[in-house]
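Peer 1: I'd like to go over a predicted model; first the sequence, then the structure.
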Amino acid sequence: MKNVLKFMALAMVVVFVLAGCGKQPTEEMNAAKTSIDAFIADGAEKYDAAGAKGLNDAMQAAQDEIKVQDAKFFKDYKKAKELLVKAKADADKLKTELAAKKEEAKKNALAGQETAIAAVAEAKALLDKAPKGKGSQADIEAFKADLKGIEDSLAEVKTAVDSEDFNAAIEKANAIKDKATAISDQVKAAMEKVGAKK
């Protein structure tokens with residue numbers, strides 16, 4: 001009889017231990033989701049897309065593990081808990097690094113904006129010195145119209161910088177610089193052809 005009672009007590013302990021492992025990691029899931037959401041809200045998809053993807057993949061892996069355990073009779077969510085704790089820690093770490101990445105992107109956007117402004121100014125100055133002769137007036141007017149459009153689009157770069165869309169600002173600034181440089185190169189080529197001073 002004593003052995004039966006010992007066996008039943010041991011069986012009860014085993015059931016309680018297994019039941020403890022069999023509880024879904026709701027707290028860990030909520031904590032990880034909160035940290036990841038905060039990271040995404042701070043602009044992770046713009047400034048750290050790889051980090052955002054990694055965290056989303058980690059959450060998916062944890063959810064997949066939870067589904068696997070849900071289907072089992074004896075559930076063990078230990079691995080899912082570990083994945084969620086790691087995802088939360090990674091999200092918190094990436095969130096602290098995000099400010100530096102954002103600042104770097106801002107610096108690059110402002111530098112790109114300055115470069116674009118300088119390229120437009122150079123193209124305008126060269127266009128003013130462009131050789132005017134028979135048949136060149138139409139080309140000069142076309143360049144002036146193109147340059148006016150390019151110059152007007154500098155406002156889009158400023159708007160992107162002001163709205164903290166630094167990657168878009170960099171792209172726009174580079175496009176403006178390239179177009180202005182192309183005009184400058186064409187004017188320089190025309191000046192060299194006629195022997196004019198730049």
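Peer 2: Sure, I can see it.

Peer 1: For the rest of this, base every contact and every neighbour count on C-alpha atoms.
Peer 2: OK.

Peer 1: Name the next helix or strand following the helix or strand of the chain with the lowest mean pLDDT along the chain.
Peer 2: Across the helices and strands of the chain, the lowest-confidence element by mean pLDDT, DSSP states H and E is helix 2-21, at a mean of 50. Reading on from helix 2-21 to the C-terminus, the next helix or strand found by DSSP states H and E is helix 26-41.

Peer 1: buried ones in that next one?
Peer 2: 28, 29, 31, 32, 33, 35, 36, 39, 40 (16 or more other Cα atoms under 10 Å).

Peer 1: Turn those residues into TSV, including pLDDT.
Peer 2: TSV is the format used below for the buried residues of helix 26-41 (pLDDT from 0 to 100):
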residue	pLDDT
28	91
29	90
31	91
32	90
33	92
35	91
36	91
39	88
40	88
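
Peer 1: ok, so of the residues you listed, who is nearest residue 131?
Peer 2: residue 40 (54.2 Å; Cα to Cα).

Peer 1: Neighbours of residue 127, how many?
Peer 2: 22 (other Cα atoms under 10 Å).

Peer 1: what helices or strands is the stretch of helix or strand residue 143 belongs to leaning on?
Peer 2: Using DSSP H and E, residue 143 falls within helix 137-152. Counting contacts by 3 or more Cα pairs under 8 Å, 6 or more residues apart in numbering; DSSP states H and E, helix 137-152 packs against helix 78-129, helix 166-194.
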